[in-house]
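Peer 1: coordinates only, sequence not included:
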């Protein structure tokens, strides 16, 4: 006979649903790299991101207006989240102008191994050696993926995407903290609109706000706005409410696989053997680090994931 504690089934079901939400997010985000690549020749990265973030925010706003309630200090989480989202997405889209969807997906996924390192450095969390090894291996895989075995230095596009992955790591941590105290949907709409306004302002300042190419990329913009941003980031926020950080990082890392698959099937982009090897190293590094976290969690209560133990707005 198996003992079952009150509420354990409910917690299990919530976690399964959260993991499923994160898996759908990974699939949607993988397709988003294809949409971003298709739009890159027609719209500047500031204009493209500005339109899709504002579109996502406006589409979702009517559904969350009744949940906003009293505005208090919890809403301040929207400020760092929106600014980080603006910077990370700008670097990513700028990089995708000159690199493939597969490269963009795998290089972006490096943020997964960066999350525990950042938490160790900023919040003094204990970090097992395997995470540091995984991070170093991911860097090596990134080098192989970017150089393709036929040059010494990574491409500028890949370096921009890789720089963005550092900011995505910080964004994951901020989202995890924000949704623990603020309605996930309200938070999502707030960060989308803020990031979108910042992108449009940057486009206006740099003189790249021209949207003439929208007629040739409207389908990509709709997918990137409504699905990648509106649905994807909202599902991420909902999923991270119940799923442990290691679950979220592991599942969301699958976006790189879906990006590579979409790039090959839709855009005809392929990887040579050296790049495949580099991508494999990145993916193995990510999954190995998260698998170790799962093993630690099953070892006992002390292994349960914790929230970041600091609230700058408290």
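Peer 2: Structure received. On a predicted model such as this, the values are computed, not experimentally measured, just so you know.

Peer 1: CA atoms for contacts and neighbours, from now on please.
Peer 2: Noted.

Peer 1: pLDDT below threshold where in the stretch 201-314 of the chain?
Peer 2: For the stretch 201-314 of the chain, the stretches flagged by pLDDT under 70 are 244-247, 293-314.

Peer 1: strands along that one, start to end?
Peer 2: In the stretch 201-314 of the chain, no strands are found when defined by DSSP state E, counting those that start in this stretch.

Peer 1: what about the longest helix in the protein?
Peer 2: The longest helix of the chain (DSSP state H) is helix 8-39.

Peer 1: quick one: the helices in the stretch 1-150 of the chain?
Peer 2: In order along the chain, the stretch 1-150 of the chain carries the following helices (DSSP state H, counting those that start in this stretch): 8-39, 45-64, 78-95, 101-108, 111-123, 129-147.

Peer 1: isn't residue 267 right up against residue 33?
Peer 2: No. When contacts are counted by C-alpha atoms under 8 Å, residue 267 is not listed as touching residue 33 (10.6 Å).

Peer 1: have a look at the two and say which one is more surrounded.
Peer 2: Between residue 267 and residue 33, counted using other C-alpha atoms under 10 Å, the more crowded position is residue 33 (30 against 16).

Peer 1: pLDDT score for the residue nearest to the more buried one when sequence neighbours are not counted?
Peer 2: Leaving aside its chain neighbours, residue 33 sits nearest to residue 101 (5.3 Å; criterion: C-alpha to C-alpha, 6 or more residues apart in numbering). Looking at residue 101, its pLDDT is 91.

Peer 1: follow-up on the earlier one: ok, which of the helices of the stretch 1-150 of the chain comes nearest residue 205?
Peer 2: Nearest to residue 205 among the helices of the stretch 1-150 of the chain is helix 45-64 (10.2 Å), distances taken as C-alpha to C-alpha.

Peer 1: need the helices of the stretch 1-150 of the chain in JSON lines (columns: distance to residue 239).
Peer 2: Output for the helices of the stretch 1-150 of the chain, formatted as JSON lines (distance: least, C-alpha to C-alpha, whole Å):
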{"stretch": "helix 8-39", "distance to residue 239": "4"}
{"stretch": "helix 45-64", "distance to residue 239": "17"}
{"stretch": "helix 78-95", "distance to residue 239": "17"}
{"stretch": "helix 101-108", "distance to residue 239": "20"}
{"stretch": "helix 111-123", "distance to residue 239": "16"}
{"stretch": "helix 129-147", "distance to residue 239": "23"}
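
Peer 1: deepest in the core, which of these is it.
Peer 2: helix 101-108 (a mean of 30; mean count of other C-alpha atoms under 10 Å).

Peer 1: so which elements touch that one?
Peer 2: helix 8-39, helix 78-95, helix 129-147, helix 156-178, helix 255-266, helix 273-298 (3 or more C-alpha pairs under 8 Å, 6 or more residues apart in numbering; DSSP states H and E).

Peer 1: contacts only, for the residue nearest to residue 33.
Peer 2: Counting by C-alpha atoms under 8 Å, 6 or more residues apart in numbering, residue 101 touches 33-34, 37, 259-260, 262-263, 269.

Peer 1: from residue 202, how far off is it?
Peer 2: The gap separating residue 101 from residue 202 is 24 Å, by C-alpha to C-alpha, to the nearest Å.
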